[in-house]
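> below is the sequence, then the predicted model.
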Amino acid sequence: MVLGKGASSSLSRKMVDGVENMVSNCNDFTVLVVDDDPVIRKLHDMHLKKFGLRAQVVENGKKAVDLCHFGTIFNLILMDKEMPIMDGVEATKELRAMGVNSLIVGVTSRDSQYETQTFMEAGLDFCFEKPLTADKISFILQELNKKN
Amino acid sequence: MERNPMRRQLAIMRQSLFDQGYLDEQFIQLEELQDDANPNFVEEVVTLYYRDSARIILNLEQALERKPFDFNKLDGLMHQFKGSSSSIGAKKVKAESTLFREYCKSGNAEGCTRAFQQLKREYDTLKRKLEAYFQLARQAGPAETACRRK
């Protein structure tokens, strides 16, 4: 797992009935899941539902950029790296260039430290190895709370 | 402890999938996402995996028919496949994917061919085992208590 700037070390939180009780206002957060793998999209969507979040899901970076370009605002974007049409690195760069200041979390299965670093430098806040787990999402939501 | 004999059988079958190395911790993550509102979540995800990965397997087979091998393309396809396999906890399939990618990186065509054949065997074996598991789970009905042991 690679954590980005200002990473919190407290990754474990006690789960209460499957819902993280420290993010009681998470129903207000909007989330975008960007991944070309339908299994990952379904998994991450379900993980987020467990925290009371509803996500929009798209299968490539261009769709994510288009959504933001046409005014949709997301508090959190979970961005896969390897995608057809527009990959996560390019999409992240474009989103930041557009002034999107959502929390953008990279999710990658790449093992290479160099490639993860390249992804971070595109403008991510954090980067995790996929698939996300409840602990990782809990951490992300902690950071989202701080940011908001 | 499950009193229902069918559920006991299901628990034994499940445990053997972990003990024999077919599944890893990630499968437990899937199970923990399943609830009353989504009672078939694990089976849905596994079904989705096999449907989507069949496409990647076909692409790999086609790429392996073209000589000389385009190792970058093969590695890229296997990267996709490995990611998906990891997400359902397919431990042996993931291991064979890793081996295949190592052969790609070293340009070992024979190694790639061998690893791919072994990967398909593991992939098919897991599919059969999981189909049997889910069929038994449907027959056994919902659990009395949420009791998960690895």
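Looks like it came in fine.

> excluding chain neighbours, what is closest to the residue of chain B found nearest chain A?
Closest to chain A within chain B is B:Gly83: 4.0 Å, counting by C-beta to the nearest C-beta. Every C-beta, even on glycine, is put in place using the N, C-alpha and C of the backbone. Ranked by C-beta to C-beta, 6 or more residues apart in numbering or on different chains and with sequence neighbours excluded, the top spatial neighbour of B:Gly83 is A:Ser109, at 4.0 Å.

> ok so, going back, which residues does the residue of chain B closest to chain A contact?
Residues near B:Gly83 by C-beta atoms under 8 Å, 6 or more residues apart in numbering or on different chains: A:37, A:40, A:109, A:130.

> which residue, neighbours along the chain excluded, lies closest to the first one?
Distances taken as C-beta to C-beta, 6+ apart put B:Ser84 closest to A:Asp37, at 5.5 Å, once the chain neighbours are dropped.

> check B:Glu25 too.
B:Gly89 (6.7 Å).

> which ones are touching that neighbour?
Contacts of B:Gly89 (C-beta under 8 Å, 6+ apart): B:23-30.

> just the buried members of these?
By the neighbour-count criterion of 16 or more other C-beta atoms under 10 Å in any protein chain shown, the contacts of B:Gly89 include these buried positions: B:23-24, B:26-27, B:29-30.

> burial count for the residue of chain A found nearest chain B?
Proximity of chain A to chain B (C-beta to the nearest C-beta) peaks at A:Ser109, 4.0 Å away. Counted with other C-beta atoms under 10 Å in any protein chain shown, residues neighbouring A:Ser109 total 19.

> just checking, it touches A:Leu132?
No. Look at A:Ser109 against A:Leu132 with C-beta atoms under 8 Å: they stay out of range, at 11.6 Å.

> so where does A:Val33 fall, helix or strand?
For A:Val33, the host element (DSSP states H and E) is strand A:31-34.

> would you mind listing the buried residues in that strand?
Neighbour counts over strand A:31-34 (16+ other C-beta under 10 Å) mark A:31-34 as buried.

> could I get those as TSV with distance to A:Glu82 and pLDDT?
Listed next are these as TSV, based on distance: C-beta to C-beta, whole Å; pLDDT from 0 to 100:
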residue	distance to A:Glu82	pLDDT
A:Val31	20	96
A:Leu32	17	97
A:Val33	15	96
A:Val34	11	96
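
> and the residues you listed, which is closest to B:Ala137?
The shortest approach to B:Ala137 among the buried residues of strand A:31-34 belongs to A:Val33, at 27.8 Å (C-beta to C-beta).

> and the closest one, how far is that from B:Glu61?
Distance, A:Val33 to B:Glu61, by C-beta to C-beta, to the nearest Å: 30 Å.

> and stretch B:122-135, what's buried?
B:122-123, B:126-127, B:129-130, B:133-134.

> which stretches in chain B count as helices?
Assigned by DSSP state H, chain B shows helices spanning B:5-19, B:25-33, B:41-65, B:71-87, B:91-105, B:109-140.

> any low-confidence regions in the chain?
No chain was given, so I picked chain A. Along chain A, the model assigns pLDDT under 70 to residues A:1-27, A:110-111.

> that's the other chain; I wanted chain B
Judged by pLDDT under 70, the stretches of chain B that qualify are B:1-3, B:144-150.
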